[in-house]
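**Student:** okay, here's the prediction I keep looking at, along with the sequence it came from:
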Amino acid sequence: MVSVVLVVFAPAASAQPTIVDLGTLGGTSSIATDINDLGQIVGGSSTASGAFHAFLWQNGAMTDLGTLGGVASRADGINDLGQVVGFSYTASGAGHAVLWQDGAMTDLGTLGGPFSEARAINNLGQVAGDSDTAAGDLHAFLWQDGAMTDLGTLGGIFETVAFGINDLGQVVGSSFTGAPSGELHAFLWQNGAMMDLGTLGGPVSEALAINDLGQVVGDSFTASGSDDAFVWQNGAMTDLGTLPGDIGSVAIGVNDLGQVVGLSNTASAFEAFFWQNGAMTDLGTLPGSSSSQARAINNLGQIVGFSRFASGENAAVLWTTATPAQATGALIEQVQGLVSAGVLNQGQGQSLTTKLNAALTRMSTNPCTAINVLNAFMNEVNAHIKTGLLTAAQGQPLLDSAESVIAQLEATATCP
């Protein structure tokens, strides 16, 4: 009898994320809702007078974006051009979707009713959100070039809400389906048509974000009754599970590397998570805080959300995951693990780690060269997978981690 040992490797480890309190606009509570690839952060904060206002945070300073003359506003999305969307109350008390750019606030109007809210904006300036109609229904909209378009429904007569939009103009959200079920389902809208994304086996789902690869995240009830985070891609919805011991989860943000953030909850608290390559990590909270929620992640791995205290007050926070250097160090450790397990011989391992060390020493002085070396590393890993030296399960985490490092370097480097 021949004994076969199956060696399974977890994704490359990363350094424990750091967490920073972003402060407030003078009040006691704040939440961060989105971050772009320049590190600009938006959200909402209480002011010294007790009002709640939209903010833009950059370079360590939080700026009040004001209102349309009403008592409150909040920013929900920002693109890489620094355009910000959200909602604001007007002087008459109506709540309207708004766009902030170049220091000015623009009222985006409604679909005929008194209320609207802009929830996301892509790099083309297209805005997704929801609005009351003249008939009193709540419908998702797409706003572009000064015009707001009703995206319709999945057949139901109740609300439809849009939460996310990517640079292809694909919009995601939730809509009630038609009779007889009348259930709330996640949708993907593209090219004028709204598609039902289904559920994880239960009656309800919602889509909260979409990246430029068309990967959709959100949450859905399962057949057993739990409410779990999901990733939908190419027609299939995958349950992301929860943090150990938790009873449910919600995926709220996803970047173009397929990294997902959101919350995992116990019966009494919620915990911010970071999900990558099948592994969910607890992001932690501010000292003295009992709960946290992650709302968005950019392509540099910077994550924003809030940490909640027992008093009920929230603090907007920024988590920073592994730097390119830290992630590369973790890759070196993983290759060494493959050598120790006998999957790679010493020469094969040395060839890969030499490339990683070369990239590591050039990241700060010549990131473009580091990118080229990392691409050579990926080519070598792919060759090992093609010849059968590495299985896909062993090689893909190496490729994913290297691709993530390259994306972080490309975000700050200008290469020919």
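**Tutor:** Cool, got the structure.
**Student:** the closest residue to F270 other than its chain neighbours bridge partners, please.
**Tutor:** Nearest non-adjacent residue to F270, counting by Cβ to Cβ, 6 or more residues apart in numbering: L263, 4.4 Å away. The C-beta positions use only the backbone N, C-alpha and C, and glycine is treated the same way. Assessed by DSSP bridges, L263 has beta-bridge partners V250, A272.
**Student:** repeat for M194
**Tutor:** Applying DSSP bridges, one finds that M194 bridges with W189.
**Student:** burial count for it?
**Tutor:** Counted with other Cβ atoms under 10 Å, residues neighbouring M194 total 18.
**Student:** so how far is V171 from it?
**Tutor:** 9 Å (Cβ to Cβ, to the nearest Å).
**Student:** shared neighbours, these two?
**Tutor:** L151, L188 (Cβ atoms under 8 Å, 6 or more residues apart in numbering).
**Student:** now whichever strand or helix holds H139, how far from the centre of its chain.
**Tutor:** Following DSSP states H and E, the helix or strand that holds H139 is strand 138-144. Relative to its chain's centre, strand 138-144 lies at 21 Å (Cα atoms, centre = their mean, to the nearest Å).
**Student:** who touches it?
**Tutor:** Strand 138-144 is contacted by residues 97, 108, 111, 115-116, 118, 124-133, 148-153, 158-162, 165, 169, 171, 173, 175, 189 when judged by Cβ under 8 Å, 6+ apart.
**Student:** redo that, cut-off 7 Å
**Tutor:** 108, 111, 125-133, 148-151, 153, 159-162, 171, 173 (Cβ atoms under 7 Å, 6 or more residues apart in numbering).
**Student:** pretty sure S291 contacts F270?
**Tutor:** Yes: between S291 and F270 there is a contact at 5.0 Å, judged by Cβ atoms under 7 Å.
**Student:** returning to what we had before: tell me the pLDDT at the residue nearest to F270?
**Tutor:** L263 is assigned a predicted lDDT (pLDDT) of 98.
**Student:** next, count neighbours for it.
**Tutor:** 26.
**Student:** just checking, it touches A251?
**Tutor:** No: counting by Cβ under 7 Å, L263 stays clear of A251, with 8.8 Å between them.
**Student:** which residues in the stretch 301-416 of the chain form helices?
**Tutor:** Per DSSP state H, counting those that start in this stretch, the stretch 301-416 of the chain carries helices over the ranges 324-340, 346-362, 367-387, 392-412.
**Student:** now render those helices as a markdown table, adding mean pLDDT.
**Tutor:** Below are the helices of the stretch 301-416 of the chain laid out as a markdown table (pLDDT from 0 to 100):
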| stretch | mean pLDDT |
| --- | --- |
| helix 324-340 | 89 |
| helix 346-362 | 95 |
| helix 367-387 | 96 |
| helix 392-412 | 82 |
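**Student:** list the buried residues in stretch 172-180.
**Tutor:** V172, G173, S174, S175, F176, T177 (16 or more other Cβ atoms under 10 Å).
**Student:** swap that for stretch 137-150, please
**Tutor:** D137, L138, H139, A140, F141, L142, W143, M148.
**Student:** do stretch 204-220 as well
**Tutor:** 205-211, 215-220.
**Student:** again, but for stretch 186-202
**Tutor:** Buried-residue list, stretch 186-202, by 16+ other Cβ under 10 Å: A186, F187, L188, W189, M194, L197, T199, L200, G201, G202.
**Student:** what's the answer for stretch 233-245, then?
**Tutor:** Neighbour-count burial for stretch 233-245 flags M237, D239, L240, G241, T242, L243 (criterion: 16+ other Cβ under 10 Å).
**Student:** who's the first one bridged to?
**Tutor:** Per DSSP bridges, the residues bridged to M237 are W232.
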